[in-house]
Each structure stands twice: as C-alpha cells, then as structure tokens.
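1. for reference, the sequence and a predicted model appear below.
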Amino acid sequence: QVQLVESGGGLVQLGGSLRLSCAASGPTFSTYAMGWFRQAPGKGREFVAVISRGGTTAVYADSVQGRFTISRDNAENTVNLQMNSLKPEDTAIYYCAATSRREGLARLRELPKYDYWGRGTQVTVSS
C-alpha cells in the first residue's frame, strides 16, 4: 500500500511558477513509476507527466512540454512537478499517482494503469 500526499498548489498569475510536491509512504517508492495528472473544472482527468522508477526518463503531455519538469528523489520518497510559464488553462486540481506497470513511459498516460492516487492540490492561474 502506498499513500500519496500532494502539496504546493496555490494561486499564481499568468506567466508565474509553482512547484508541486508529492510525498509517498512506504519502503517501495522506487519500484513505482510516478505520474502527475490534472483535472480542470467540468473536464476529465488528463495526463501531465510521468517519470521512470530511477528518475532518468520522463514523458510529458504536449500541452506542458517545455514548461513543466517532473523529478523525483527516491531517498526522500518524493516526486515534484516544476511548473513555469503558467497559463490560465493550467488551472486544475493536480494529482500524483503511482504505477507498478513495467511498460514504456509513453504507454503510461492512461489513468487505469495507475495503482495509487493522492487527493490532489489546487492550482489556479489568474490572467
């Protein structure tokens, strides 16, 4: 069992930055690929980014490529999402998730492939 707790959300202006963190419980954190997803008001939850178990490889949604960076620290059991050049359309609840699937990262964009989810943190970007 893995418990995930997100933090770092808030209100930021257009073009600003935020750094989200996700703290994971349990000794097996490094055995999971970790993803970030988001859900905007009235929309479905969508993939944002995923990072490999060792932290050496990442895949991003086209909408955030070049603006967001995912990273992890397996010694601290954390995964982070650095968000720069934020836009109003980035407004959403952001969730971190863990998957035990042994697939290429490009195949880990689908919600059902994730085993554990956090409760989310709100990000609001004002124009």
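-> Yep, it's here. Numbers count the residues shown, from 1 in each chain.

2. please count neighbours and contacts with C-alpha atoms only from this point.
-> Noted.

3. quick one: contacts for Asn77?
-> 23-25, 29-30 (CA atoms under 8 Å, 6 or more residues apart in numbering).

4. at 7 Å instead, please
-> With contacts defined as CA atoms under 7 Å, 6 or more residues apart in numbering, Asn77 is in contact with 23-24, 29.

5. helix/strand/coil for Ser30?
-> helix (DSSP: H, G, I helix; E, B strand; the rest coil).

6. where along this protein do the strands fall?
-> 4-7, 10-13, 18-24, 33-39, 45-51, 58-60, 68-73, 78-83, 92-99, 116-117, 121-126 (DSSP state E).

7. just send those strands back as CSV, with distance to Arg107 too.
-> Converted to CSV, these look like this (distance: least, CA to CA, whole Å):
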stretch, distance to Arg107
strand 4-7, 22
strand 10-13, 30
strand 18-24, 22
strand 33-39, 12
strand 45-51, 10
strand 58-60, 10
strand 68-73, 17
strand 78-83, 19
strand 92-99, 12
strand 116-117, 17
strand 121-126, 25
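
8. please produce CSV containing these, extended by distance to Arg109, mean neighbour count and mean pLDDT.
-> Supplementary listing: these in CSV, determined by distance: least, CA to CA, whole Å; neighbours: other CA atoms under 10 Å; pLDDT from 0 to 100:
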stretch, distance to Arg109, mean neighbour count, mean pLDDT
strand 4-7, 18, 20, 98
strand 10-13, 25, 15, 98
strand 18-24, 18, 20, 98
strand 33-39, 8, 25, 98
strand 45-51, 6, 23, 98
strand 58-60, 9, 20, 98
strand 68-73, 14, 20, 98
strand 78-83, 16, 21, 98
strand 92-99, 11, 24, 98
strand 116-117, 14, 18, 98
strand 121-126, 20, 20, 98
